[in-house]
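> Quick one, structure for this:
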Amino acid sequence: MDNAPKKVFVKTYGCQMNVYDSERMRDVLAPLGYAETGTPEEADLVILNTCHIREKAAEKVYSELGKIRRMKRDRAEQGAEMLIAVAGCVAQAEGEEIVRRAPAVDLVFGPQTYHRLPQLLARRREDRKAVVETEFPAEDKFHGLGEEALPRKGVAAFLTVQEGCDKFCSFCVVPYTRGSEFSRPVEQVLAEARRMAAQGVRELTLLGQNVNAYHGLDARGRSMGLAGLVAELSRIEGIERLRYTTSHPRDMTEDLIAAHAENRKLMPYLHLPVQSGSDSILKAMNRGHTAESYLRIIDRMRVARPDIALSGDFIVGFPGETVSDFESTLKLIKNVGYASAYSFKYSPRPGTPAAESDKQISESEKSARLQDLQALVHAQQTAFNAAMVGRTVPVLLEKPGRDPGQLVGRSPYLQSVHLQASPTLIGTIVDTHISGVGTNSLSGHYANAV
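Below you'll find the predicted structure:
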């Protein structure tokens, strides 16, 4: 295979799992001589790692492909070849349609197939025609990644432990693009975590579409849940902090809640989407829980870890949502008190049951409700951040800041924290006295330097 230096540009859309997948694409391409570039114009291979969650996701990809096609033509005029690849969930959903609509595309592969990039590239060069591959199961993907990985950038990293979802919420495409739930074997996860720790990673965020449904097999063939995996990971030297996302209320088990009380490496921050505070809308969404059962989980979490902070997801304007339903969502938000939240207007996803409903809400009403909801959660987030002033919290220092002598780190609650400290402290956790609040960050000083 040609080992001449080549350049790859990867554009990542969507979720944190796509960020992880893009990193691993770079890993598997490195032995082929591909180095990362920040500009697509000079790339020999351009990869769009796509997400199908947001509205009109596929159309946005085709628009981007139009721009890249012109770059490919310009490179050809200079006597150089540019290959174009579409990866991820749009690739999984659209398949051959991508090549039909955008003939300049050379490779189309789903989120379970990127470990086969070397073979796919070889097939493309040998056959001189587009390659579409979307059918390999998740276990092949993780088995084929190999043990060597490029050095990680930074002291915090993502680690995928679970993929797919069996919940089939009526608004969601994930079961159709990522497949059914699959958990990586325990030893495979631990081995990757050890490599990350050896490369300087100090904080791991465990990823999964439904991460707390994790049930991987250990070395003796026994099933282990997420609480057990967290316990094993916390024993790895160098790993000081653990997080996980995204969770489903139906899989918040008692042992996982207990882990928040018992394991100090598990951060006091939980992202637990609820989507709505109305039981009738939750039923229409096929969420499988009620507002009351969600609130009981929150209560148990706060008993286990009194300093826990909550984050959530909300969809407004779901088909059939009445004013009363929406008010129930606002009531739930006021009841919980969120440190942060993600909120979106409902938009139909082709192939999902909710998209076929005849009870669609007008865009103007959805926009008005979203504005009201976001004003409420923004006020809660502002209050949560303001309450940090005067506290001393452990901050993981990650990188230099904008100002001379400044470092940026993250609090246990995922807040960015700016402080004056020596760059030799990057990668360490320092007690920091919080003295100020910015728009999206906190400021403070190294407590030991007071």
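> Okay, now the unreliable bits of the stretch 151-300 of the chain?
Applying pLDDT under 70 to the stretch 151-300 of the chain flags the ranges 151-153.
> show me where it has helices.
Under the criterion DSSP state H, counting those that start in this stretch, the stretch 151-300 of the chain contains helices at 174-177, 186-198, 226-234, 254-262, 279-284, 291-304.
> could I get those as JSON lines with mean neighbour count and distance to Ala157?
For glycine as for every other residue, the C-beta is placed from the backbone atoms N, C-alpha and C. Output for the helices of the stretch 151-300 of the chain, formatted as JSON lines (neighbours: other C-beta atoms under 10 Å; distance: least, C-beta to C-beta, whole Å):
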{"stretch": "helix 174-177", "mean neighbour count": "21", "distance to Ala157": "23"}
{"stretch": "helix 186-198", "mean neighbour count": "18", "distance to Ala157": "6"}
{"stretch": "helix 226-234", "mean neighbour count": "21", "distance to Ala157": "12"}
{"stretch": "helix 254-262", "mean neighbour count": "17", "distance to Ala157": "21"}
{"stretch": "helix 279-284", "mean neighbour count": "19", "distance to Ala157": "34"}
{"stretch": "helix 291-304", "mean neighbour count": "16", "distance to Ala157": "25"}
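> now those as a markdown table including distance to Val395?
What follows is the helices of the stretch 151-300 of the chain, written out as a markdown table (distance: least, C-beta to C-beta, whole Å):
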| stretch | distance to Val395 |
| --- | --- |
| helix 174-177 | 34 |
| helix 186-198 | 19 |
| helix 226-234 | 20 |
| helix 254-262 | 20 |
| helix 279-284 | 37 |
| helix 291-304 | 23 |
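> Which one, of those, ends up nearest to Asp218?
helix 186-198 (4.3 Å; C-beta to C-beta).
> tilt between that closest one and helix 226-234?
40 degrees (axes from the mean of the first three to the mean of the last three C-alpha atoms, to 10 degrees).
> May I have the residues that are in contact with the closest residue to Ser441 other than its chain neighbours?
In this structure, Ser441 finds its nearest non-sequential neighbour in Ser416, 4.0 Å apart by C-beta to C-beta, 6 or more residues apart in numbering. Ser416 sits next to 408-410, 440-442 when contact means C-beta atoms under 8 Å, 6 or more residues apart in numbering.
> Just the buried ones among those residues, please.
408-410, 441-442 (16 or more other C-beta atoms under 10 Å).
> any idea how far Ala104 is from Glu126?
From Glu126 across to Ala104, the span is 19 Å (C-beta to C-beta, to the nearest Å).
> The two - which one has more neighbours?
Comparing Glu126 with Ala104 by other C-beta atoms under 10 Å, the one with more neighbours is Ala104, at 17 against 9.
> For Ile315, give me its contacts.
Here Ile315 is in contact with 171, 275-276, 285, 343-346 (criterion: C-beta under 8 Å, 6+ apart).
> again, only using 10 Å
Taking C-beta atoms under 10 Å, 6 or more residues apart in numbering as the criterion, Ile315 is in contact with 169, 171-172, 273-276, 281, 285, 321, 329, 342-347, 354, 366, 370, 373.
> Which of those residues are buried? Put it as a ChimeraX command.
For the buried members of the contacts of Ile315, the matching ChimeraX selection, counting by 16+ other C-beta under 10 Å, is:
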select :169,171,172,273,274,275,276,281,285,321,329,343,344,345,346,347,354,366,370,373
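> Now, the contacts of Ile315 that are in strands?
Among the contacts of Ile315, the members falling in strands (DSSP state E) are 342-345.
> Closest one to Gln380 out of the residues you listed, please.
Closest to Gln380, out of all of those and judged by C-beta to C-beta, is Ser343, at 11.9 Å.
> Spatially, which residue comes closest to the closest one, not counting chain neighbours?
Going by C-beta to C-beta, 6+ apart, Ser343 has Phe314 as its nearest residue, at 4.3 Å.
> same check, this time on His52
Nearest non-adjacent residue to His52, counting by C-beta to C-beta, 6+ apart: Cys89, 3.9 Å away.
> What strand or helix carries that neighbour?
helix 88-94 (DSSP states H and E).
> Quick check: next helix or strand after that helix?
Following helix 88-94 toward the C-terminus (DSSP H and E): helix 96-101.
> now for that next one, which elements pack on it?
helix 57-77, helix 88-94, strand 107-109, strand 131-133 (3 or more C-beta pairs under 10 Å, 6 or more residues apart in numbering; DSSP states H and E).
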